[in-house]
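K.L.:
Build me a model from this:
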Amino acid sequence: MNEAIEAKVIASRFTFHDLRAYYATQFKRESGTLPDLHANPATTARVYDRNKIVKRKAL
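P.N.:
Next up is the predicted model:
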């Protein structure tokens with residue numbers, strides 16, 4: 001991975017979970033539902049859905 005970063009093939013490090021989260025997010029965009037990655041769909045939503053809009057308090 002270090003060689004790929006130095007060669008500018010990728011911008012930053014990533015993990016297997018990043019790839020799973022990317023897949024889950026793309027699957028949800030295309031089909032409207034999250035894929036069955038866990039027995040409990042709430043776990044998939046909590047861990048892998050990176051599509052969430054998070055409300056923040058103003059400064």
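
K.L.:
Identify the residue spatially nearest to residue 37, adjacent ones excluded.
P.N.:
Excluding its sequence neighbours, the residue lying closest to residue 37 (CB to CB, 6 or more residues apart in numbering) is residue 44, at 4.7 Å. Yep, even glycine has a C-beta here, placed from its N, CA and C like the rest.

K.L.:
from what I can see the one you found touches residue 33, true?
P.N.:
No - between residue 44 and residue 33 there is no contact under CB atoms under 8 Å: 9.9 Å.

K.L.:
Same drill for the two, tell me which one is more crowded.
P.N.:
Set residue 44 next to residue 33 and count neighbours by other CB atoms under 10 Å: residue 44 wins out with 19 against 10.

K.L.:
Work out for me the element that one sits within.
P.N.:
Under the criterion of DSSP states H and E, residue 44 resides in helix 41-48.

K.L.:
Would you mind listing the outside residues contacting that helix?
P.N.:
The contact list for helix 41-48 (CB atoms under 8 Å, 6 or more residues apart in numbering) reads 17, 20-21, 24-25, 34-38.

K.L.:
Just the buried residues from those residues, in ChimeraX please.
P.N.:
The ChimeraX selection below is limited to those of these classed as buried (16 or more other CB atoms under 10 Å):
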select :21,24,25,34,37
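
K.L.:
quick one: which of the contacts of helix 41-48 sit in helices?
P.N.:
Judged by DSSP state H, the subset of those located in helices is 17, 20-21, 24-25.

K.L.:
As JSON lines, those residues with distance to residue 7 and pLDDT would be great.
P.N.:
Converted to JSON lines, the ones in helices among the contacts of helix 41-48 look like this (distance: CB to CB, whole Å; pLDDT from 0 to 100):
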{"residue": "17", "distance to residue 7": "24", "pLDDT": "86"}
{"residue": "20", "distance to residue 7": "25", "pLDDT": "87"}
{"residue": "21", "distance to residue 7": "25", "pLDDT": "87"}
{"residue": "24", "distance to residue 7": "29", "pLDDT": "88"}
{"residue": "25", "distance to residue 7": "27", "pLDDT": "87"}
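
K.L.:
Quick one: mean pLDDT over the helix holding residue 44.
P.N.:
Averaging pLDDT along helix 41-48 yields 85.
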